[in-house]
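Trainee: Predicted model follows, preceded by the sequence.
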Protein chains: 2
Amino acid sequence: MIEDKNPQRTSLEHLGEFGLIEHLTKNFDVKHSSTVTSIGDDAAVLDHKSKQILVTTDLLVEHVHFDLSYMPLKHLGYKAVIVNLSDVYAMNANATQITVSIAVSNRFPLEALEDLYAGIETAAKVYNVDVVGGDTTSSNKGLIISVTAIGEADESDVVLRSGAQVNDLVIVTGDIGAAYMGLQVLEREKEVFKVNPQSQPDLSMYTYIIERQLKPEARKDIVELLKALDVKPTAMIDISDGLSSEIMHICKQSDVGVELYETKIPLDPQVISTCEEFDIDSTTIALNGGEDYELLMTISQDDYSKIKGNPNLTVIGYITEKDRGNLLITRGEQAIPIIAKGWNAMKNEA
Amino acid sequence: MIEDKNPQRTSLEHLGEFGLIEHLTKNFDVKHSSTVTSIGDDAAVLDHKSKQILVTTDLLVEHVHFDLSYMPLKHLGYKAVIVNLSDVYAMNANATQITVSIAVSNRFPLEALEDLYAGIETAAKVYNVDVVGGDTTSSNKGLIISVTAIGEADESDVVLRSGAQVNDLVIVTGDIGAAYMGLQVLEREKEVFKVNPQSQPDLSMYTYIIERQLKPEARKDIVELLKALDVKPTAMIDISDGLSSEIMHICKQSDVGVELYETKIPLDPQVISTCEEFDIDSTTIALNGGEDYELLMTISQDDYSKIKGNPNLTVIGYITEKDRGNLLITRGEQAIPIIAKGWNAMKNEA
C-alpha cells in the first residue's frame, strides 16, 4: 500500500554499529540546558537542577504494535516518540529528553532507518525534546523500537493516578475512539490490497481517523493549558489502552468509584459514521479502543468554573465512593459496570 | 543443556499485561530516597536534588545477544542489568534506578519470566538500584529486553570519554578476554550437545571464563575505589566491545593517540590456557573479545603513586600526541596500529 519512493538500498552491514548511530543521529541538536552531554559517551549527562525527574519507557514490536504494510516508517518513528511523551504529559510534566534504541533485521536498508529517524527527529523538534542516547543493534526478525522519555516538573506540579477524590469531575481531552477505527479501516484496506494489489482505495472520508492512528499527537498543549487556567488535576493518566481501562487505573489507585455518562463521551463524527459502517457500537470503541493518547483527568469541582466551556476539556462523569463501583450511565439511563477490556498486547499476538 | 527444574507452565495469556507486570514486580522495593514514586503510574518520579543525572540504555535481542540454550534466564536478567549499570559506572557515577522492558513470545511460560525477573531483582539488590518502571508486551518471536539505567553524580565527579591528555596513563581494571573465551567454550559444548544430547561435559576447568560470560559483574567497586584513592580519571569507558574499540573511542573523542603494551594486558591464566586449546592468539582476544565490562580509563601521571600496586588497576600504556596514532607495542617490540574490530552486533546476525 505504501509506495516506495526511495529505491536506493544501502546495506546496514557496510556501516557497522557506530557508523550507523553517527549517521542516523548527526542532525540531532541539543535544545535544553538540562542536557549537559548527549549521544556519544557511555551515558548522557543531564542536570535538571531543583526539578523532579519523570521517567517512562515503551517497547514497540513489529507485527504486535505496528504493521509496516500501512505504517510508513517516518510515521512510526514519530509515533514511537509520541506514545512516550504522552506518559510524561500525563504526569503534568514537561518532556525534555528521550533515548531511542532500535533492533533491525538486515532486510531493512539504511534508507528505511533514515526514514524512521526522520520521524523521530520531527517529533523531537515539534515537542522540543533532545535525543540523548540509544542503542542500535540487529534483530533476527523484524523491527523493535524502545523509547525512554525523561521529563521534569516542579515537585508541586506532579500529578499521580492516585489523587482522585470523591465528587471530583472526570474530564477527557479531545475525542476518543478515532485511532482504533482508523486501524479498522487500514486493516480492511490491507485485506482488499492482498486480493487486488491494483486497487486504489478512496480513503478521503476517513482522513481524521487514519491520521489519529498513523500520526497521533501527545497533549503537551493540555499541560500548558492547565497551567494557564491555574488548574492542577487531582489525578491524571493518558489514554493508551482505552477509556475504561484507564479510569479503572485511577479508581483503583485512588481507592474511589466513578460514574461516567455515555452521552457525554466526546466522539468525532467520523468515528460515529465509521462505527455505523462497520456495525460496531461507538461507545464500546470509545471505552475499549485505545491509542488515543488523550488525557483523562479528575479535577476538584472548585475548579469547574475555570475549565467550563473549554473545547479541549469535556466533563464525562464524576468520582464516587469506592463501594458505589465503576459505572457507566447509558443513554437509556441504565447503570452498567465498566469492565476494562483494554487493549491487551499479551493476547494480541500475530 | 540447561535442565528445566521447574516443569510448571502457566500461560501468559491468563494474566494479561497489567497482571503480569504486577506479578513480576511485586517484590521490588524502593531503596533510594531519589525514587519518589516507582512502578504503577504513567512515569516514575525521581528527585536527584543537586546531582547530575546519567542515562544509558541497551537493547538485548535473543539469538543476537544471547542464546537461551546455554544462558539460564536468571543469569540473563542479571546480565541485562549489569551491562547498563556498567555504562553508568563508566561515567564515574553511582547507578540509582533502572527501567526494564521485555517483549516475549507466548512460548515462554510465566515461570520463565519469573526466573528472568529473579535475576533482575538479584542484580538490583546487589548493585543497590531501584526498578522504577518498564513495559511488558508480546513479541511474535523470541525474547527482547530493553534496560535503561539512571545514575547520579556530583557535577565535578563526572568523567567523559573526551578528557584524556598526552602522557596520561592508560589503565584497565581486572582482566580481559575471559567473557569471549567463555562464549567459545559454551558454543563448542552446544555443538557437542546437538550431536549427543546425553553428553555430560566437564566444564570445571573453564568455570571462571564461563562465569564471566554468563554472569558478568559491573565495576561499581572501582568507582568507590577511585573515590577512596582520591583519583579522578581524565577519561573512562567500559569494555563492552573490546579493548581496541574502546581505546579508540577515547582517543578519537579526546583527540589524542595511544601506545599500549601487549605484555601489560592483564589476562587470567584460564584465558591463556583456553586460547592455547582453541589455538587463538590471546592478545587478539583481549583486544577484540568484548563483554568484559571492565573499565578502561586514563589518569594523570601525577596520580600514579595513588594507584601503584593496586591489584585492581593495571597500567597498560600511555596517551600520546594524536599524530603518533594508536599503537600496540608487541612482545617483539614492534609497533603495530590498533584496529577496532570490536564486537559488531550489526554483522552478528543469526
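Mentor: Done, it's in.
Trainee: use CA for all of it now, contacts and neighbours both
Mentor: Noted.
Trainee: quick one: contacts for the residue most central in space within chain A?
Mentor: In chain A, the C-alpha nearest the mean C-alpha coordinate belongs to A:Val83, at 3.3 Å (C-alpha atoms, centre = their mean). In this structure, A:Val83 makes contact with A:58, A:218, A:240, A:293, judged by C-alpha atoms under 8 Å, 6 or more residues apart in numbering or on different chains.
Trainee: Over to A:Ile39?
Mentor: So A:Ile39 contacts A:131-134 (C-alpha under 8 Å, 6+ apart).
Trainee: could I get those as JSON lines with distance to A:Thr234, neighbour count and secondary structure?
Mentor: Formatted as JSON lines, the contacts of A:Ile39 follow (distance: C-alpha to C-alpha, whole Å; neighbours: other C-alpha atoms under 10 Å in any protein chain shown; DSSP: H, G, I helix; E, B strand; the rest coil):
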{"residue": "A:Val131", "distance to A:Thr234": "31", "neighbour count": "26", "secondary structure": "strand"}
{"residue": "A:Val132", "distance to A:Thr234": "32", "neighbour count": "27", "secondary structure": "strand"}
{"residue": "A:Gly133", "distance to A:Thr234": "33", "neighbour count": "26", "secondary structure": "strand"}
{"residue": "A:Gly134", "distance to A:Thr234": "34", "neighbour count": "25", "secondary structure": "strand"}
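Trainee: just checking: which of those residues also lie near chain B?
Mentor: Restricting these to those near chain B by C-alpha under 8 Å from any C-alpha of the partner chain leaves A:133-134.
Trainee: Now for the contacts of A:Ile39: which two are most distant?
Mentor: Using C-alpha to C-alpha, these reach their maximum pairwise distance at A:Val131 and A:Gly134, which is 8.3 Å.
Trainee: Let me see the ranges of the strands in the stretch 151-300 of chain A.
Mentor: A:169-173, A:235-238, A:257-261, A:295-299 (DSSP state E, counting those that start in this stretch).
Trainee: ranges for the helices of the stretch 1-150 of chain A?
Mentor: Remark: helices assigned in the stretch 1-150 of chain A by DSSP state H, counting those that start in this stretch are A:16-25, A:73-89, A:110-126.
Trainee: and B:Glu189, which of those helices is closest to it?
Mentor: Per C-alpha to C-alpha, nearest to B:Glu189 of the helices of the stretch 1-150 of chain A: helix A:16-25, 29.1 Å.
Trainee: From the contact counts, what lies against the closest one?
Mentor: Packed against helix A:16-25 by the contact rule (3 or more C-alpha pairs under 8 Å, 6 or more residues apart in numbering or on different chains; DSSP states H and E) you find helix A:110-126, strand A:130-138.
Trainee: So which bits of the stretch 51-200 of chain A are right by chain B?
Mentor: So the stretch 51-200 of chain A meets chain B at A:51-59, A:61-64, A:87-88, A:90-91, A:99, A:101-103, A:105, A:133-141, A:146, A:148, A:160-161 (C-alpha under 8 Å from any C-alpha).
Trainee: Would you list the buried entries among these?
Mentor: Buried residues within these, counting neighbours by 16 or more other C-alpha atoms under 10 Å in any protein chain shown: A:51-59, A:61-64, A:87-88, A:90-91, A:99, A:101-103, A:105, A:133-141, A:146, A:148, A:160-161.
Trainee: relative to strand A:130-138, how tilted is the helix or strand of chain A with the lowest mean pLDDT?
Mentor: Sorting the helices and strands of chain A by mean pLDDT, DSSP states H and E puts helix A:16-25 at the bottom, at a mean of 76. Orientation note: helix A:16-25 sits at an angle of 140 degrees relative to strand A:130-138 (axes from the mean of the first three to the mean of the last three C-alpha atoms, to 10 degrees).
Trainee: looking at the helices and strands packed on helix A:16-25, which one has the lowest mean pLDDT?
Mentor: Here the helices and strands packed on helix A:16-25 differ in mean pLDDT, and the lowest is strand A:130-138 at a mean of 90.
Trainee: A:Ile144 touches A:Glu62, doesn't it?
Mentor: Yes: in this structure A:Ile144 lies within contact range of A:Glu62 using C-alpha atoms under 8 Å: 6.2 Å.
Trainee: Show me whatever sits in contact with both of those two.
Mentor: Between them, A:Ile144 and A:Glu62 share no contacting residue, judged by C-alpha under 8 Å, 6+ apart.
Trainee: Residues contacting stretch A:110-123, please?
Mentor: A:6, A:8-12, A:24-25, A:28, A:73-78, A:80-82.
Trainee: Any idea how far apart the tips of stretch A:224-236 sit?
Mentor: Stretch A:224-236 has an end-to-end distance of 14 Å (C-alpha to C-alpha, to the nearest Å).
Trainee: Other residues contacting that stretch?
Mentor: A:90-92, A:157, A:159-165, A:250, A:295-300, A:303, A:306-307.
Trainee: Show me chain A divided up by domain.
Mentor: A:12-157, A:169-337 (automatic domain parsing).
Trainee: among the contacts of A:Val83, who's most crowded?
Mentor: Per-residue neighbour counts (other C-alpha atoms under 10 Å in any protein chain shown) across these peak at A:Tyr293, which has 29 neighbours.
Trainee: pLDDT on stretch A:78-95, on average?
Mentor: 97.
Trainee: centre of the chain versus it, how much separation?
Mentor: 7 Å (C-alpha atoms, centre = their mean, to the nearest Å).
Trainee: List the buried residues of that stretch.
Mentor: In stretch A:78-95, counting by 16+ other C-alpha under 10 Å, buried: A:78-95.
Trainee: What separation do you get for the residue in the stretch 101-250 of chain A positioned nearest to chain B and B:Gly332?
Mentor: The stretch 101-250 of chain A approaches chain B most closely through A:Ser138 (5.2 Å), counting by C-alpha to the nearest C-alpha. Separation of A:Ser138 from B:Gly332 (C-alpha to C-alpha): 39 Å.
Trainee: Which residues are in contact with A:Asp87?
Mentor: A:Asp87 touches A:56, A:237-238, B:42-43, counting by C-alpha under 8 Å, 6+ apart.
Trainee: Include distance to A:Thr122 and pLDDT when you put those residues into JSON lines, please.
Mentor: Below are these laid out as JSON lines (distance: C-alpha to C-alpha, whole Å; pLDDT from 0 to 100):
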{"residue": "A:Thr56", "distance to A:Thr122": "20", "pLDDT": "96"}
{"residue": "A:Ile237", "distance to A:Thr122": "25", "pLDDT": "98"}
{"residue": "A:Asp238", "distance to A:Thr122": "22", "pLDDT": "97"}
{"residue": "B:Asp42", "distance to A:Thr122": "23", "pLDDT": "92"}
{"residue": "B:Ala43", "distance to A:Thr122": "23", "pLDDT": "93"}
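Trainee: for those residues, which one is nearest A:Gly257?
Mentor: A:Ile237 (16.0 Å).
Trainee: burial measure for the closest one, as a count.
Mentor: 31.
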